[in-house]
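>>> What follows is a predicted structure for the sequence shown.
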Amino acid sequence: MQTVLITGANRSIGLETVKQLSAKGLFVYLGSRNLENGKRVVETLNKQGFQNIKAIEIDVTNPESISKAKNIVENEQGKLDILINNAGILGNTPQLASDFSIQEIQTIFDTNFFGVISVTQAFLDLLKKSDSPRISNITSGLGSLTLHSDPTWKYYNIKTAGYGTSKAALNAYTIVLAYELKDLSFKVNVIDPGYTATDFNAHSGPGSVESAASFIIKHTLTDNNAPTGQYYSNDIEDEIGISPW
């Protein structure tokens, strides 16, 4: 049985991804900053028939929390097959480049960028023990520099000095990480689940959490011939969904 850790998984897209992976027979660590909240979610999922799920406390901005989570996975499983770095924050809006505070930008980067790096580096040794390790970093279309430079893009007018730039940085880091691991069996990609109706955006997105989670899983549970270092987006209207960087 493959083992997966999903950060920020106690609600919205992360939670739906937990459900779908559990239904596929994987063992899922449901990452939550608050352990009691996570346990309540798992209890509800169990009543709904979902099995092989365990809540695990992990705050991606807290090194001690990450270390404790890593030790739990190591002691219980001995390895990790899949890491889905899903935890993220939007921050306050609007986010104008001219006056959005550096402190607020740093707060966003702490979760969306540095948090991903911290979790990835902590779990890398456990992932290397897997026969087919996968790292999926959940990004956004707002992290695409190419699309943001195209006035015809449907979201061209949505500019965020903190959130979008943090996702662009995450995309760049993923390219570097994928290159470093390219000669191993790793597949490391960034996945944009699309503009989805969640608490994250006051349910303003047109997409469903079911579609978003399915898209994440499609590009995570891949075979050994699949690409690495790729940028997939559920908002790209073709069969594969490759996004420009």
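Thanks, I have it. Residues are numbered from 1 along each chain as shown.

>>> who's in contact with the residue nearest the centre of the chain?
With distances taken as C-alpha atoms, centre = their mean, the residue of the chain nearest its centroid is N86 (2.5 Å). The contact partners of N86, by C-beta atoms under 8 Å, 6 or more residues apart in numbering, come to 6-9, 13-14, 17, 31, 138. Just so you know, the C-beta spots here come from the backbone N, C-alpha and C atoms, and that holds for glycine as well.

>>> And the strands in this structure, which stretches?
In the chain, the segments counted as strands under DSSP state E are 3-6, 27-32, 53-57, 82-85, 134-138, 187-192, 231-233.

>>> Just send those back as TSV, with distance to H219, mean pLDDT and mean neighbour count too.
As requested, the strands of the chain are exported to TSV (distance: least, C-beta to C-beta, whole Å; pLDDT from 0 to 100; neighbours: other C-beta atoms under 10 Å):
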stretch	distance to H219	mean pLDDT	mean neighbour count
strand 3-6	14	98	26
strand 27-32	17	98	26
strand 53-57	22	98	20
strand 82-85	11	99	27
strand 134-138	7	98	26
strand 187-192	5	98	27
strand 231-233	5	98	24
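
>>> For G115, find the nearest of those.
Taking C-beta to C-beta as the criterion, strand 82-85 is the member of these that comes nearest to G115, at 7.8 Å.

>>> ok so, going back, any chance of the contacts of N86 in TSV with distance to S243 as columns?
Below are the contacts of N86 laid out as TSV (distance: C-beta to C-beta, whole Å):
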residue	distance to S243
I6	22
T7	22
G8	21
A9	23
I13	17
G14	21
T17	19
G31	25
I138	13
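
>>> mind showing which ranges of this protein have poor pLDDT?
Low-confidence regions of the chain, defined here as pLDDT under 70, cover residues 197, 199-206.

>>> could you show me where the helices are in it, in order?
Remark: helices of the chain, listed N- to C-terminal, are 12-23, 35-47, 63-77, 102-109, 115-127, 145-148, 163-180, 209-218; assignment by DSSP state H.

>>> among the ones you listed, which is the most enclosed?
Comparing the helices of the chain by mean neighbour count (mean count of other C-beta atoms under 10 Å), helix 12-23 ranks first with a mean of 23.
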